[in-house]
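Trainee: could you work out the structure for the sequence below:
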Amino acid sequence: MSWRTVRSALTALMSGAGGEFAVEFAGGEPLLEVTTLRRAVEFVETTRPSGTGVEYSLTTNGTLLTPALFGFLCSHEFTIRISFDGVPAAQSHRGEWTYRVLDGLLERLRDHDPTGFARHVKVVVTVLPSTIPLLGASVRYLMAKGVQTIEIGPRFTWDPDWAPSCREELERQMGAVLQTSYEHWCSTGKVPVEFLAGPPPLKCRREMDFLCGAPWATSLCVDPGGRAWACPVFMTSLAQLPPLALEASRALDLGAIADISFQRRLAGLPERVARLRLFTNGLGKRSSYGACAQCRFAESCRVCPASISHNPNNRDPDLIPDFMCSFSYLSLAARERFHEMTGGARSAAWSSEMSGALGRLEAAVRESVAALQSSRSAAPAHGAHRPRRENRGRPRRSSNGRPTPR
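Mentor: So this is what the prediction gives:
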């Protein structure tokens with residue numbers, strides 16, 4: 001991707017930013033363009049509007065991640081998402097040699113900077129039907145490596161290898177993940193598996209709005225040619241799409257990021273997407289396991305529309321693949337059970353994030369109170385002339401120069 005395209009994308013993002021925005025570097029493999037990545041961070045840091053915060057993230061296969069680059073990413077508070085599926089047999093579909101590389105990488109990063117490793121590294125496990133039997137072992141392996149956050153999800157595009165017997169095995173593996181996580185929580189108070197973190201699933205049923213954030217461009221992305229899309233998996237520039245996905249792609253295509261019509265097309269995005277059943281009609285959808293309206297987790301389930309539309313044999317925008325349905329249901333059931341097993345206690349993966357946010361907020365409040373007290377003690381006596389302060393009304397920032405989080 002050219003620097004001109006990167007700069008145009010970042011400029012468009014920052015021009016519409018409110019109090020906070022996020023920048024994600026993904027691909028492909030973003031670490032093939034390290035110079036551009038560093039330049040982009042410098043550009044954001046020097047040009048973002050005063051009073052706004054930025055959250056950086058990077059999704060990488062990890063094979064090019066060095067300790068020096070890791071230090072740079074940590075210094076800018078990156079969330080570093082490493083795609084790594086666990087034990088050798090689970091990782092082998094990505095390349096036989098990659099397990100050895102990533103196994104060593106985790107150890108080097110952990111030993112080089114334990115705090116940065118714990119705070120910034122997230123391992124992303126993509127489950128395939130063929131790797132379901134290895135899920136429990138992979139989670140145990142990653143926990144033993146000291147990984148603090150493990151994101152697990154199914155392949156969200158079409159996978160023809162799913163069979164009815166896969167659901168039984170997936171249920172067994174979810175049970176193994178749950179038990180391992182519970183034992184880990186009992187001994188450490190931490191639960192790295194993300195889908196177990198947070199509050200229990202909601203059980204109420206109501207008519208749902210859009211199935212995902214794509215209609216609101218919450219994950220706005222730009223391809224190497226400078227064309228913007230509301231979701232990366234619907235980019236026609238990166239893959240040949242089946243009919244349902246191609247129809248969605250036309251609605252999610254925002255045109256060239258530098259085009260004068262970009263903001264107009266962005267503003268009309270929700271209206272265009274609302275015409276597509278693929279992104280709506282949540283309770284009208286179904287899988288072979290039943291109707292979504294009858295599922296007790298209907299309110300908490302967020303099935304990716306890409307999983308529906310990327311099946312080349314499917315023409316029904318309401319038909320959810322059984323793999324996606326099974327994974328969503330069983331992961332939500334595991335979260336519910338974990339909540340019961342821990343007596344309603346929040347996991348460390350959830351509470352540490354909130355504690356960190358509250359800590360930063362408290363620091364900002366203390367700084368503001370101290371500044372206010374200092375200004376009062378230095379104020380002139382009653383009736384004395386007080387010179388006009390040019391910076392009055394400007395927002396204060398926390399001691400680390402960053403605004404408090406959302």
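Trainee: any weak-confidence spans in this structure?
Mentor: Within the chain, the stretches with pLDDT under 70 are 16-18, 202-208, 345-406.
Trainee: the strands in it, which residues?
Mentor: Counting by DSSP state E, the chain has strands at residues 20-25, 53-60, 79-83, 121-127, 150-154, 221-222, 227-229, 253-256, 286-287, 290-291.
Trainee: dump those strands to JSON lines, plus distance to A163.
Mentor: In this view, the C-beta of every residue, glycine as well, is placed from N, C-alpha and C. JSON lines is the format used below for these (distance: least, CB to CB, whole Å):
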{"stretch": "strand 20-25", "distance to A163": "34"}
{"stretch": "strand 53-60", "distance to A163": "30"}
{"stretch": "strand 79-83", "distance to A163": "25"}
{"stretch": "strand 121-127", "distance to A163": "14"}
{"stretch": "strand 150-154", "distance to A163": "14"}
{"stretch": "strand 221-222", "distance to A163": "33"}
{"stretch": "strand 227-229", "distance to A163": "33"}
{"stretch": "strand 253-256", "distance to A163": "35"}
{"stretch": "strand 286-287", "distance to A163": "14"}
{"stretch": "strand 290-291", "distance to A163": "18"}
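Trainee: with respect to A267, which of these lies nearest?
Mentor: strand 253-256 (10.3 Å; CB to CB).
Trainee: which residues touch the closest one?
Mentor: Residues from elsewhere that reach strand 253-256 (CB atoms under 8 Å, 6 or more residues apart in numbering): 217, 220, 226-230, 234, 236, 261-262, 265-266, 269.
Trainee: try it again with 10 Å
Mentor: Contact with strand 253-256 is made by 5, 8, 12, 217, 220-222, 225-230, 234-237, 261-266, 268-269, 272, as judged by CB atoms under 10 Å, 6 or more residues apart in numbering.
Trainee: using PDB, list the CA coordinates for it.
Mentor: This file holds the C-alpha atoms of strand 253-256, laid out as PDB (Å, rounded to 0.1, in the frame of the first residue of the first chain):
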ATOM      1  CA  ASP A 253     -18.300  -0.500  -1.100                       C
ATOM      2  CA  LEU A 254     -17.600   3.200  -0.100                       C
ATOM      3  CA  GLY A 255     -15.400   4.000  -3.100                       C
ATOM      4  CA  ALA A 256     -12.000   5.700  -3.100                       C
END
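Trainee: for that strand, list every residue counted as buried.
Mentor: If you call a residue buried by 16 or more other CB atoms under 10 Å, then strand 253-256 has these buried ones: D253, L254, G255, A256.
Trainee: I'd say A239 and G28 touch.
Mentor: No - applying CB atoms under 10 Å as the test, A239 and G28 come out as separate, 12.0 Å apart.
Trainee: quick check: which of the strands of the chain is nearest to C301?
Mentor: Between those, strand 286-287 lies closest to C301; by CB to CB that is 10.8 Å.
Trainee: the closest residue to L105 other than its chain neighbours: how many residues sit nearby?
Mentor: Closest residue in space to L105, ignoring its immediate chain neighbours: G62 at 5.4 Å, by CB to CB, 6 or more residues apart in numbering. Residues near G62, counting by other CB atoms under 10 Å, number 20.
Trainee: show me what contacts W3?
Mentor: E33, T35, T36, R39, A40, F43.
Trainee: of those, which is the most crowded?
Mentor: A40 (21 neighbours).
Trainee: list the buried ones in stretch 5-20?
Mentor: Neighbour counts over stretch 5-20 (16+ other CB under 10 Å) mark T5, V6, R7, S8, A9, L10, A12, L13, M14, A17 as buried.
Trainee: touching, the fifth one and V23? I think so.
Mentor: Read that as A9. Yes - between A9 and V23 there is a contact under CB under 10 Å: 9.1 Å.
Trainee: of the contacts of W3, which belong to helices?
Mentor: Of the contacts of W3, the ones assigned to helices by DSSP state H are T35, T36, R39, A40, F43.
Trainee: what's the burial count for R94?
Mentor: R94: 16 neighbours (other CB under 10 Å).
Trainee: could you check how far it is from F84?
Mentor: Look at R94 and F84: by CB to CB, to the nearest Å, they are 8 Å apart.
Trainee: joint contacts of these two?
Mentor: Each of N61, L102, T126 lies in contact with both R94 and F84 under the rule CB under 10 Å, 6+ apart.
Trainee: residues contacting the second one?
Mentor: Contact analysis of L102 by CB under 10 Å, 6+ apart lists 61-63, 65, 82-86, 91, 94, 123, 145.
Trainee: mind running it again at 7 Å?
Mentor: Going by CB atoms under 7 Å, 6 or more residues apart in numbering, L102 touches G62, I82, F84.
Trainee: got those as a markdown table, with distance to R119 columns?
Mentor: A markdown table is the format used below for the contacts of L102 (distance: CB to CB, whole Å):
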| residue | distance to R119 |
| --- | --- |
| G62 | 17 |
| I82 | 14 |
| F84 | 18 |
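Trainee: hang on, the earlier thing: buried subset of the contacts of strand 253-256, written for PyMOL?
Mentor: Per 16+ other CB under 10 Å, the buried members of those correspond to this PyMOL selection:
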select buried, resi 5+8+12+217+220+221+222+226+227+228+229+230+234+235+262+266+269
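Trainee: which one of the ones in helices among the contacts of W3 is nearest L332?
Mentor: A40 (36.5 Å).
Trainee: which residue is the nearest non-sequential neighbour of that closest one?
Mentor: A40 sits nearest to V6 (CB to CB, 6+ apart), 5.4 Å away.
Trainee: L254 versus the one you found, what's the distance?
Mentor: 17 Å.
Trainee: ok, C221 next?
Mentor: Taking CB to CB, one finds C221 at 10 Å from L254.
Trainee: kindly report the same for P160.
Mentor: 31 Å.
Trainee: could you do S15 as well?
Mentor: 14 Å.
Trainee: JSON lines for the shared contacts of R94 and F84, including distance to S288?
Mentor: Listed next are the shared contacts of R94 and F84 as JSON lines, based on distance: CB to CB, whole Å:
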{"residue": "N61", "distance to S288": "34"}
{"residue": "L102", "distance to S288": "36"}
{"residue": "T126", "distance to S288": "23"}
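Trainee: measure stretch 25-44 end to end?
Mentor: 13 Å (CA to CA, to the nearest Å).
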